[in-house]
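S.K.: Sequence and computational prediction follow.
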Amino acid sequence: MIIDSNIKASTKAVILPSPGGPFTVALSDLGDALRLAPVWLHAGWIDVVWRFRRTRLGPFWHTLGLAAFVIVMGVVWSTILHQDPFQYFRYVTVSLIVWGLIASFITDGTNILVAGQSTALSMRFPYVAFAFAHVWRSLLLFAHHFVFYVIVMVFTLHSPGWAVFYAIPGILLIVANGIWLSLLSGIICLRWRDLIPATSTAMQIAIFVTPVFWPKDMLGPKLAFAADYNPLYHLVRIARDPLLGTVPPLESWLWAVATLSVGALITFWVYGKQRDRMPYWY
């Protein structure tokens, strides 16, 4: 009996610290998360279904809320800013759709690790998969909003032309940035919970200092730097401009790629450094 118990104790699984440096740990979890694609794709889909269960319109209620906001903003702000109503409706619609996608990565990303407590504490699970599931969920809502974009384009008799195809790499760049934005927001807010409401407040302020409701030209030459050095503005622009029918400038593409490179490096370094400490933050 004593021998048997010793054998069972010796064969019991022991969870050791992740081997390697920060980037090795992060890349290992990234690979594990990619192999779990069926899991987080299903989880993201189910989350959207359950959020709008027992409603007739489902996720389109989210789109209707956006439409109501755009109509009110379009009528009021086009008058205040002395803008052409049809042109301003198109501008605000596309701006808010793209901004909503980017903002969701940050504001909703603050809760992805907190909400995944039961999974994270019951098994060794790659936290990157939580970010993938969140980005996928945000893309599903973005797809529903895209229907409203088509309606506005038809209603205002505007065709974006061949430039619309530039929106494909633009959205892909935004999604790639969304992974590290969601993961970094989740890590920081898992450690310091007070930053969850603080992040939401910061994003509410950011929408008014980023050219979303108003064009950049209104800043004038002296204040143009407020947009030129705003990474969120360039992320919005690489998708918004093609959807409106213009080609984004090279400057915005470079800013988006630089934001992805620097942000991903910082996020994966932090992730790899704190990977084994994160379960203790719950």
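M.R.: Thanks, I have the structure now.
S.K.: in which helix or strand would I find residue 42?
M.R.: For residue 42, the enclosing helix or strand under DSSP states H and E is helix 37-51.
S.K.: The closest residue in space to residue 24 that isn't next to it in sequence: which element?
M.R.: Nearest non-adjacent residue to residue 24, counting by CB to CB, 6 or more residues apart in numbering: residue 272, 6.9 Å away. Backbone N, C-alpha and C define where each C-beta goes, glycine included. In this structure, residue 272 sits in helix 250-274 according to DSSP H and E.
S.K.: So which residues of the stretch 51-200 of the chain form strands?
M.R.: Using DSSP state E, counting those that start in this stretch, the stretch 51-200 of the chain contains no strands.
S.K.: for this protein, what helix or strand is lowest in average pLDDT?
M.R.: Of all helical and strand segments in the chain, the minimum by mean pLDDT, DSSP states H and E falls on helix 2-10, at a mean of 43.
S.K.: I'd like the next helix or strand past that helix.
M.R.: Next element after helix 2-10 (DSSP H and E): helix 22-35.
S.K.: now stretch 204-221, how far from the chain's geometric center?
M.R.: Taking the mean of its C-alpha atoms, stretch 204-221 sits 20 Å from the chain's own mean (CA atoms, centre = their mean, to the nearest Å).
S.K.: And for stretch 175-185?
M.R.: Distance, stretch centre to chain centre, for stretch 175-185: 6 Å (CA atoms, centre = their mean).
S.K.: now the angle from the helix holding residue 272 to helix 22-35?
M.R.: Angle, helix 250-274 to helix 22-35, by axes from the mean of the first three to the mean of the last three CA atoms, to 10 degrees: 100 degrees.
S.K.: helices and strands around helix 250-274, which ones?
M.R.: helix 22-35, helix 167-191, helix 231-244 (3 or more CB pairs under 8 Å, 6 or more residues apart in numbering; DSSP states H and E).
S.K.: Just put those in CSV and tack on distance to residue 60.
M.R.: Listed next are the helices and strands packed on helix 250-274 as CSV, based on distance: least, CB to CB, whole Å:
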stretch, distance to residue 60
helix 22-35, 30
helix 167-191, 20
helix 231-244, 20
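S.K.: what's the most buried one of these?
M.R.: Of the helices and strands packed on helix 250-274, the one with the most neighbours on average (mean count of other CB atoms under 10 Å) is helix 231-244, at a mean of 24.
S.K.: what's it packed up against?
M.R.: The elements that helix 231-244 packs onto, with contact taken as 3+ CB pairs under 8 Å, 6+ apart, are helix 85-107, helix 167-191, helix 250-274.
S.K.: Ok, which of those helices comes nearest residue 204?
M.R.: Ranking the helices and strands packed on helix 231-244 by proximity to residue 204 (CB to CB) places helix 85-107 first, at 8.8 Å.
S.K.: Using PDB, write out every CA atom in that closest one.
M.R.: Output of helix 85-107 as PDB, limited to C-alpha atoms (Å, rounded to 0.1, in the frame of the first residue of the first chain):
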ATOM      1  CA  PRO A  85     -25.500  66.500 -44.900                       C
ATOM      2  CA  PHE A  86     -25.100  63.500 -47.300                       C
ATOM      3  CA  GLN A  87     -21.300  63.700 -47.200                       C
ATOM      4  CA  TYR A  88     -21.300  64.100 -43.400                       C
ATOM      5  CA  PHE A  89     -23.700  61.100 -43.000                       C
ATOM      6  CA  ARG A  90     -21.200  59.000 -44.900                       C
ATOM      7  CA  TYR A  91     -18.200  60.300 -43.000                       C
ATOM      8  CA  VAL A  92     -19.800  59.800 -39.500                       C
ATOM      9  CA  THR A  93     -21.200  56.300 -40.400                       C
ATOM     10  CA  VAL A  94     -17.900  54.900 -41.600                       C
ATOM     11  CA  SER A  95     -15.900  56.700 -38.900                       C
ATOM     12  CA  LEU A  96     -18.100  55.200 -36.100                       C
ATOM     13  CA  ILE A  97     -18.200  51.700 -37.500                       C
ATOM     14  CA  VAL A  98     -14.400  51.600 -37.800                       C
ATOM     15  CA  TRP A  99     -13.900  53.400 -34.400                       C
ATOM     16  CA  GLY A 100     -16.300  51.000 -32.800                       C
ATOM     17  CA  LEU A 101     -14.200  48.100 -33.900                       C
ATOM     18  CA  ILE A 102     -11.000  49.600 -32.600                       C
ATOM     19  CA  ALA A 103     -12.500  50.800 -29.300                       C
ATOM     20  CA  SER A 104     -14.000  47.400 -28.600                       C
ATOM     21  CA  PHE A 105     -10.500  45.900 -28.700                       C
ATOM     22  CA  ILE A 106      -9.500  48.200 -25.900                       C
ATOM     23  CA  THR A 107     -12.600  48.800 -23.700                       C
END
